[in-house]
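1. here's a sequence, model it:
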Amino acid sequence: MSSAPGRAATRRSPQPLEQSILLTATLCLLAAGAVMVYSASSARTLLQGHGDGTGYLIKYCLYGGLGLLVMRALSRGGLDAARRLTGPLLAVSFVLLLAVKVPHLGIKVNGAQRWLGAGFVQFQPSELMKLALVLYAAALLARRPERVRSVSALARPLLVVAAAACLLIAVEPDIGTALVIGVTLAAVLIAAGVPWRVLALLAAAAAAVVVLDALASPYSRARLTSFLHPYAHAGSSGFQAVQGQIAIGSGGLLGVGPGRSVQKIFYLPEAHTDFILAVIGEELGLLGVSALLFLYGLIAYAGLQAARAARGAYARLVAVGITSMILCQALLNVFAVLGLAPLTGVPLPLVSYGSSNLVIVMAGMGLLLNVAGGASHLAAVTRRGARDAGDRKQRRWNEDGAQADRDSRRRDRRARRARAGGGRRATG
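-> Alright, predicted model coming up:
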């Protein structure tokens, strides 16, 4: 049995490294987001006469505070609750996605009908669906791991459910979120052990759907055309992409200085949301962008380390799914702003202004922190068990050694008595 001081030392063990990295990176990204949302939105808001320029900052802080509460709650045992509530969460997500298409319920912004709500309180159901599908896939594959062996087994019902969700999201239209879901589920399938031939078939089918959508949908075709020839459409569909690249190029290595961006005031639409990275590049330069990417790299590292050490298949798949979701979203946004991918409307996680995305990403971070804490607890239990086993072995060695000493002394006494008796007989 381990000693009481040993148990107390275990209870007072420091926060696990993965948890510390995840929490630090999240808080740093939130702080950067608050600063850059204010910088990207305040000047244009003042010029348009909409308040004192702090409106978007205040709302970002409100949603960020709500996200912190959700993250805190889910980091303390939220994984078990999420597993129990996966079914209802998935059903609610589908209902809300359908409600978006109902007249007078769904809100259309810039030609896309993706939101529910009124005024500044708006909710994007596709964000909730991203997290719900990660939890659903993790629960299904952890419970029935044999489903990864063939496409037909995966299709009933995982691929059918995922395809239905992506279809509802794509017709909003929101191709970016559908792509994030597809890549995230692919990462979960790889972590679950899906054969490469099955993954290749699924990737080919997904690529065919994307190509057909690009050819058939005017919205997607315009995005693809502006990506391939942005400067040929600099005054129309390519305007935002061109202005973003100009902003990035204007920043150079160190940037023009915080708050001094010109593009955000006169030229760059959606500067505080989808194109906040362009403002960061202009004001803070390549070093600022690199620091931001480093923080996402820390999340990727710590999330995958937590998945590797997770207790059970479900926790491992959830960690892989959430890490992939955040990383894929960040890369899609970065590539789009840099002109390396078509514009998809995907915000920069934890940094861009937004309500639904910010809260859902922080909910995912809470679950990821829960997995990291569970993995560290398992490691602590394993170390304590090994230490206790070592203590027991040492006690056995000590006891065996003491017994050997007693036996040796007993033999010595017998030998001395025998010699003494032999000497007396010889004398007599």
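
2. what helix or strand does L304 sit in?
-> Secondary structure from DSSP states H and E places L304 in helix 276-308.

3. could you list every helix and strand in contact with that helix?
-> Other elements packing on helix 276-308 under the criterion 3 or more Cβ pairs under 8 Å, 6 or more residues apart in numbering; DSSP states H and E are helix 17-47, helix 239-251, helix 263-266, helix 313-337, helix 356-427. C-beta coordinates here come from the backbone N, C-alpha and C atoms, glycine included.

4. go again with 10 Å.
-> For helix 276-308, the elements it packs on are helix 17-47, helix 175-192, helix 239-251, helix 263-266, helix 313-337, helix 356-427, judged by 3 or more Cβ pairs under 10 Å, 6 or more residues apart in numbering; DSSP states H and E.

5. flag every buried residue along the first one.
-> This points to helix 17-47. Buried positions in helix 17-47, judged by neighbour count with 16 or more other Cβ atoms under 10 Å: 18-19, 21-23, 25-26, 28-30, 32-45.

6. now stretch 149-163
-> In stretch 149-163, counting by 16+ other Cβ under 10 Å, buried: 154, 158-159, 161-163.

7. give me the residues contacting that stretch.
-> 90, 94, 129, 132-133, 136-137, 140-141, 144, 146-148, 164, 178, 181-182, 184-185, 188-189, 192-195, 197-199, 201-202, 205-206, 209 (Cβ atoms under 10 Å, 6 or more residues apart in numbering).

8. among those residues, which are in helices?
-> Those of the contacts of stretch 149-163 mapping onto helices are 90, 94, 129, 132-133, 136-137, 140-141, 164, 178, 181-182, 184-185, 188-189, 192, 197-199, 201-202, 205-206, 209, per DSSP state H.

9. among the residues you listed, which ones are buried?
-> The buried subset of these (16+ other Cβ under 10 Å) comprises 90, 94, 129, 132-133, 136-137, 140-141, 178, 181-182, 184-185, 188-189, 192, 198, 202, 206, 209.

10. dump the residue contacts of the residue lying closest to P269 once chain neighbours are set aside.
-> The shortest distance from P269 to any non-neighbouring residue, by Cβ to Cβ, 6 or more residues apart in numbering, is to Q240 (5.5 Å). Neighbour list for Q240: 226, 230, 234, 267-271, 274-275, 278, 336-337, 343 [criterion: Cβ under 10 Å, 6+ apart].

11. for those residues, please prepare TSV with the additional fields distance to V361, pLDDT and neighbour count.
-> Rendered in TSV, the data for the contacts of Q240 read as follows (distance: Cβ to Cβ, whole Å; pLDDT from 0 to 100; neighbours: other Cβ atoms under 10 Å):
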residue	distance to V361	pLDDT	neighbour count
S226	27	83	22
P230	29	85	21
A234	32	82	16
Y267	28	86	17
L268	23	87	25
P269	23	82	14
E270	18	81	18
A271	20	90	28
D274	15	91	24
F275	18	94	29
A278	20	95	31
A336	18	94	25
V337	18	94	26
L343	20	88	27
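
12. adding distance to L69, write those out as TSV.
-> Formatted as TSV, the contacts of Q240 follow (distance: Cβ to Cβ, whole Å):
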residue	distance to L69
S226	39
P230	41
A234	44
Y267	37
L268	32
P269	32
E270	28
A271	28
D274	26
F275	29
A278	31
A336	31
V337	30
L343	33
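
13. find the nearest non-adjacent residue to the residue positioned nearest the centre of the chain, please.
-> For the chain, the residue whose C-alpha lies nearest the mean C-alpha position (Cα atoms, centre = their mean) is T323; its distance is 3.1 Å. Spatial nearest neighbour of T323, chain neighbours left out: G303 (3.1 Å); criterion: Cβ to Cβ, 6+ apart.

14. now do the buried residues in the helix holding L304.
-> So, applying 16+ other Cβ under 10 Å, buried residues of helix 276-308: 276-285, 288-289, 292, 295-296, 298-300, 302-307.

15. what's the angle between it and helix 17-47?
-> Interaxial angle, helix 276-308 versus helix 17-47 (axes from the mean of the first three to the mean of the last three Cα atoms, to 10 degrees): 160 degrees.

16. next one: helix 276-308 to chain centre, how far?
-> On the basis of Cα atoms, centre = their mean, to the nearest Å, helix 276-308 sits 13 Å off its chain's mean C-alpha point.

17. hmm, G252 is touching L286, no?
-> Yes. Between G252 and L286 there is a contact under Cβ atoms under 10 Å: 7.0 Å.

18. where does the protein dip in pLDDT?
-> 1-14, 119-120, 375-409, 411-413, 415-428 (pLDDT under 70).

19. contacting residues around the longest strand along the chain?
-> In the chain, taking DSSP state E as the definition, the longest strand is strand 112-118. Outside of strand 112-118, the residues within contact range by Cβ under 10 Å, 6+ apart are 96-97, 99-103, 105-109, 122-127, 169, 171-175, 177, 219, 345, 355-356.

20. mind redoing it with 6 Å?
-> 106-107, 122-124, 172-174 (Cβ atoms under 6 Å, 6 or more residues apart in numbering).

21. how much does that strand deviate in direction from helix 175-192?
-> Using the same axes, to 10 degrees: strand 112-118 against helix 175-192 is 90 degrees.

22. neighbouring strands - and their directions - for strand 112-118?
-> Paired strands of strand 112-118, with direction, are strand 106-109 (antiparallel), strand 121-123 (antiparallel) (DSSP bridges).

23. for M71, which of those is the nearest?
-> Nearest to M71 among these is strand 121-123; the distance by Cβ to Cβ comes to 18.0 Å.

24. how far out from the middle of the chain is the closest one?
-> The answer for strand 121-123 is 22 Å, by Cα atoms, centre = their mean.

25. could you do stretch 271-280 as well?
-> For stretch 271-280, the distance to the chain centre is 21 Å (Cα atoms, centre = their mean).

26. and the contacts of that stretch?
-> 36-37, 40-41, 56, 244, 247-248, 261, 264, 268, 288-289, 337, 345, 347-348, 351-353.

27. can you check stretch 217-234 too?
-> 173, 175, 213-214, 237-238, 241-242, 342-343.

28. can you rerun that using 7 Å?
-> 173, 175, 213-215, 237-238, 241-242, 339, 342-343 (Cβ atoms under 7 Å, 6 or more residues apart in numbering).

29. with distance to A82 added, can I get those residues in a markdown table?
-> Output for the contacts of stretch 217-234, formatted as a markdown table (distance: Cβ to Cβ, whole Å):
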| residue | distance to A82 |
| --- | --- |
| P173 | 29 |
| I175 | 27 |
| D213 | 31 |
| A214 | 35 |
| L215 | 39 |
| S237 | 40 |
| G238 | 41 |
| A241 | 38 |
| V242 | 42 |
| G339 | 38 |
| P342 | 33 |
| L343 | 32 |
